[in-house]
Structure formats: C-alpha cells, structure tokens
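Asker: okay, sequence plus prediction incoming.
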Amino acid sequence: MIVEEIMQTNVLTLSTLNTIGDAVHLMDQKKIRHIPIINEAQNVVGLVTDRDIRDATPSIFYSEEHRDVLEKQLHTIMRTDIIIGHPLDFVEEIAAVFYEHHISCLPIVKEKKIAGIITETDLLRTLVELTGAHQPGSVIEVKVLNMTGVLSDVTATIKKRHASIQSVLVYPDKKDANYKILVIRLETIDPMNIIEDLKKAGHTVLWPNLPGISS
C-alpha cells in the first residue's frame, strides 16, 4: 500500500505571515492538531502543531496581559527541520519514520508542493483496516519454523475447513530466531476445529491455547 491511498488531501495550511492567533482559531474551528506552513509557491517551509501553540501561548489566566503573543507571526514558532514524504512512498516505510523520529504527522509533497498529510490517526486506522480488527472474527497465533513454505502449509490446513482469512501478520519469535509467529485473523467466530487441525499437522498454536484440545 502506498501513501496516496491513505493520505488526507484536503490539507489546511497557513503562511509564515499568519499569526499564532490564526493558527489557534483554525485548530479550534477545524479540530485539527497540525498545520503545514507554506510559502507563496505552495512549498512546505514549516510545521506548527498544537504542542507548539501550547508552548508559545500564555496561560488562560494571563491571556489578557499577553495578547501580543497571539499577534506574532508563525515563522517565529514553526518547526523548519521537518520530515516530508511522497505520495508513492510505502505506508510501512512511513510508519517506520513515525516510530524512529517520534513524530505525529508527516506532510506529503509532490513536485515541491503540498499534496497531502498523514497523521498518527491515519496510520492507526490503516492498521485496523488491513488487519480486519474492526470486523467480527477470531485470531490464531501459530509458532512456525523460519523456513520456506511454512505459511503455505498453515493456510492449506485452514482452507480445508473452508475458513476465510482476513489478514496474516508475521513477526520474529523474540526467544528463538529459528522461529516466527503467524498471527492469522479468520472470519469464523469458532476456530476450535482449525486449531485442532493445525496441532494435528504438527504446528504449535500459541493462541488460543484452549483446554480440552490436544497439544
């Protein structure tokens, strides 16, 4: 999946000459937390977040005494060392950028102009949709050897029960590099027969490890 499939394209922006007060009003009115700052050529030159606003604006108890702060232009508080993405970037690579750099949003730029934006919420929603976690079903975790063909063997066992697979995630076993963990989400609510079949086929089912089912 690429970024342009999940990015928000109706990006609300301000210029460097807009004021902190303008940003406060826009965030409050549109219920947003990030505002890319652009120049006359629509190039992204900075970013202002709700945290930047909180750090820059006075406490509500002293707002009348410091109203001049709200009249300062955004170039005085905006972040300029921002990371940008491209619409053709892969979503998983962008997720890694969020994780490694501890950021909460990423402006998406095409031909030097703002094309969209991705936030933490967009990534979380995409994860939920890709895994099918918002749909009825059940989850099975299977520990398998890290070798070619194992995933095919597991899915073939599931196929015999005519069960539909919503998603499959694969991650390394932290205790043993020779194994991987398959997290399989199924459309069926009752996976007990599938669990029994997997165990009979020699696979180790980590979850659910239900009583009464042979190991």
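Answerer: The structure has been received and is ready for your questions. Numbers count the residues shown, from 1 in each chain.
Asker: surely I165 and A156 touch.
Answerer: No. Counting by C-beta atoms under 8 Å, I165 does not reach A156; the two are 11.4 Å apart. C-beta: built from backbone N, CA, C; applies to glycine.
Asker: which one of these two is surrounded by more residues?
Answerer: Neighbour totals were compared for I165 and A156, and I165 leads with 17 against 11 (other C-beta atoms under 10 Å).
Asker: distance of the more buried one from E111?
Answerer: With distances taken as C-beta to C-beta, to the nearest Å, I165 is found 40 Å from E111.
Asker: now do the residue nearest the centre of the chain against L130, distance only.
Answerer: Most central in the chain under C-alpha atoms, centre = their mean is L123, positioned 2.0 Å from the mean C-alpha point. Distance from L123 to L130, counting by C-beta to C-beta: 10 Å.
Asker: same deal with Q42?
Answerer: 31 Å.
Asker: ok, for I158, nearest residue in space, not its chain neighbours?
Answerer: Leaving aside its chain neighbours, I158 sits nearest to I194 (5.7 Å; criterion: C-beta to C-beta, 6 or more residues apart in numbering).
Asker: also D190?
Answerer: S138 (7.3 Å).
Asker: list the contacts for the one you found?
Answerer: When contacts are counted by C-beta atoms under 8 Å, 6 or more residues apart in numbering, S138 touches 185-186, 188-191.
Asker: what's the pLDDT at it?
Answerer: In this model, S138 is scored at 95, pLDDT.
Asker: same for the helix or strand containing K180, what does it pack against?
Answerer: In this structure, K180 sits in strand 179-186 according to DSSP states H and E. Other helices and strands packing on strand 179-186, by 3 or more C-beta pairs under 8 Å, 6 or more residues apart in numbering; DSSP states H and E, are strand 138-145, helix 150-159, strand 165-172.
Asker: contact partners of it?
Answerer: 131-133, 137-146, 150-151, 154, 158, 163-173, 194, 206.
Asker: for the one helix or strand in the chain whose mean pLDDT sits lowest, enumerate the helices and strands it packs against.
Answerer: When the helices and strands of the chain are scored by mean pLDDT, DSSP states H and E, helix 67-70 comes last with a mean of 81. Packing partners of helix 67-70 (3+ C-beta pairs under 8 Å, 6+ apart): helix 20-30.
Asker: packing partners of the helix it packs on?
Answerer: Against helix 20-30 (3+ C-beta pairs under 8 Å, 6+ apart) you get strand 14-15, strand 34-38, helix 50-56, helix 67-70.
Asker: going by neighbour count, which residues in the longest one are buried?
Answerer: I take that to be helix 50-56. 50, 52-53, 56 (16 or more other C-beta atoms under 10 Å).
Asker: mind putting those in CSV, distance to D81 and pLDDT included?
Answerer: CSV is the format used below for the buried residues of helix 50-56 (distance: C-beta to C-beta, whole Å; pLDDT from 0 to 100):
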residue, distance to D81, pLDDT
D50, 18, 93
D52, 13, 92
I53, 18, 90
A56, 17, 86
